[in-house]
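Peer 1: Build me a model:
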Amino acid sequence: MAKSVAPYGGPVDVVVGWLGTKEIKGPKANPIIAGTPTSWFSLIGRDDVTSDEVANCAAAVGAGIVCYELQKAGITFEDVTAAAKAKPKRTAIQLLAERGVNVVLPPKDQRLLARSYSSFGIDASGDPQRGDIIVIPRGAAWQGHVMYIVSVNRQTGVAKCIGANQSDTTSYAEHHLSEAVAIRRYVPATIQGLRVAGSNAIHRGDQQEVAGGTLVLGGVGAAALQAATQPAADAAVSLAPLAEQTTTVHTLTTTGVSLGHIFLQSPWIVVLVGAGIGVWWLGRTGKLRRLAQHVAGVPLSSQSA
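Peer 2: Model (predicted):
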């Protein structure tokens, strides 16, 4: 069963706000769809598309995700427009990156293809929910249509969906779940998002971080125990009398010297602490690497998920 990884709806509620948005035939374009810094095509980084008569169902799905992240980050459309006019100009996705928010979308050269969402996020076909992305066949084998699920009738298996480019407008439509090429769930570009989604790489990294931390604590604990149990004469090596320990700095220095003496006496403790730091670092970098892969579009169904 797929797990919820975002407060649903999220992006779907954004698209519901675009209900009734129509394409304009001829040279003019609906500014919501194309031709402005806040249009669907511009929001997903495809401002090279300036006509609203280009297939835009996938653009609307991606723009819903970008708008959802903009809302969470507190970035307004006015901010996006101002950034587009600045020198150098920045896109909505770049503005989010400046706030430390990475947006997950299909690869840029595939974002206008409905089927690019067929491997997006995680599989939600076992338990479709409001906010999930549904891809159905349309046209040639490589083509399709993509929408958000608004609700699901569990008895009939029919989903109420909302999507763009449906009779040249954004509207509701009903489709049986059996029609779906794929039903996917958006996973935010955070380690927590990947963790909740069930990423094996994140789970493995978590285990390595815990194991590394345990080794470090074990080494430090062993050193402290050895310091507490060794003869008083040994413990006093290079230490000032207790009565002279009148400042925090002196106390820390004394403790450091004492632990250093222990480490010299028992090098295995140094090896233990070093190994712990290495294992922790391996886990941390592994999680960051998987996050970067997620942002790049590597699906969670991959072998390294």
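Peer 1: So Ser151: helix, strand or coil?
Peer 2: Put simply, Ser151 is strand when judged by DSSP: H, G, I helix; E, B strand; the rest coil.
Peer 1: so it touches Tyr172, yeah?
Peer 2: No - using Cβ atoms under 8 Å, Ser151 and Tyr172 do not qualify as a contacting pair, with a distance of 10.0 Å. All C-beta spots, glycine's among them, are computed from the backbone N, C-alpha and C.
Peer 1: Need the overlap of contacts for the two.
Peer 2: Lys160 (Cβ atoms under 8 Å, 6 or more residues apart in numbering).
Peer 1: end-to-end on stretch 70-89?
Peer 2: With Cα to Cα, to the nearest Å as the measure, stretch 70-89 spans 17 Å from end to end.
Peer 1: Show residues contacting that stretch.
Peer 2: Stretch 70-89 is touched from outside by 14, 36-38, 42-43, 90-92, 94-96, 99, 101, with contacts defined as Cβ under 8 Å, 6+ apart.
Peer 1: Would you mind checking which of those is nearest to Leu291?
Peer 2: Checking the contacts of stretch 70-89 against Leu291 with Cβ to Cβ, the nearest one is Val101 at 12.3 Å.
Peer 1: I'd like to know how far the closest one sits from Ala82.
Peer 2: Between Val101 and Ala82 the distance, using Cβ to Cβ, to the nearest Å, works out to 18 Å.
Peer 1: Name the residue in these two with the higher neighbour count.
Peer 2: More crowded of Val101 and Ala82, by other Cβ atoms under 10 Å: Val101, with 17 against 14.
Peer 1: That one belongs to a helix?
Peer 2: No - counting by three-state DSSP, Val101 falls outside a helix, being coil.
Peer 1: unless I'm mixing things up, it is touching Gln94, no?
Peer 2: No - counting by Cβ under 8 Å, Val101 sits too far from Gln94 to count as a contact (10.6 Å).
Peer 1: Serialize the contacts of stretch 70-89 to TSV and add fields for secondary structure, pLDDT and distance to Asn165.
Peer 2: Shown next, in TSV, are the contacts of stretch 70-89 (DSSP: H, G, I helix; E, B strand; the rest coil; pLDDT from 0 to 100; distance: Cβ to Cβ, whole Å):
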residue	secondary structure	pLDDT	distance to Asn165
Val14	helix	94	16
Thr36	coil	95	18
Pro37	coil	95	21
Thr38	coil	95	19
Ser42	helix	96	17
Leu43	helix	96	16
Arg90	coil	93	28
Thr91	coil	93	22
Ala92	helix	94	21
Gln94	helix	92	27
Leu95	helix	93	27
Leu96	helix	92	25
Arg99	coil	89	31
Val101	coil	88	28
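Peer 1: Quick one: buried ones out of these?
Peer 2: By neighbour count, with 16 or more other Cβ atoms under 10 Å, the contacts of stretch 70-89 hold 14, 36-38, 42-43, 90-92, 95-96, 101 as buried.
Peer 1: hey, where'd the helices end up in the chain?
Peer 2: Applying DSSP state H to the chain gives helices spanning 11-16, 40-43, 57-73, 77-85, 92-98, 191-196, 200-229, 232-235, 248-265, 267-295.
Peer 1: ok, of these, where does mean pLDDT dip lowest?
Peer 2: Comparing mean pLDDT across these, the weakest is helix 232-235, with a mean of 46.
Peer 1: just to revisit the earlier point, just the buried ones among the contacts of stretch 70-89 now: which is nearest Arg185?
Peer 2: Within the set of the buried ones among the contacts of stretch 70-89, Val14 lies nearest Arg185; the separation is 16.0 Å, counting by Cβ to Cβ.
Peer 1: How about the contacts made by that closest one?
Peer 2: Taking Cβ under 8 Å, 6+ apart as the test, what Val14 contacts is 63-64, 67-68, 71.
Peer 1: got it, and Ser178?
Peer 2: Applying Cβ under 8 Å, 6+ apart, the residues near Ser178 are Gly157.
Peer 1: Also the one 5 residues further on?
Peer 2: Counting by Cβ under 8 Å, 6+ apart, Ile183 touches 123-125, 128, 132-135, 149, 177.
Peer 1: what's the neighbour count on the residue lying closest to it once chain neighbours are set aside?
Peer 2: The spatial neighbour of Ile183 that comes closest, neighbours along the chain excluded (Cβ to Cβ, 6 or more residues apart in numbering), is Ser125 at 4.4 Å. Applying the criterion other Cβ under 10 Å, we find 14 residues in the vicinity of Ser125.
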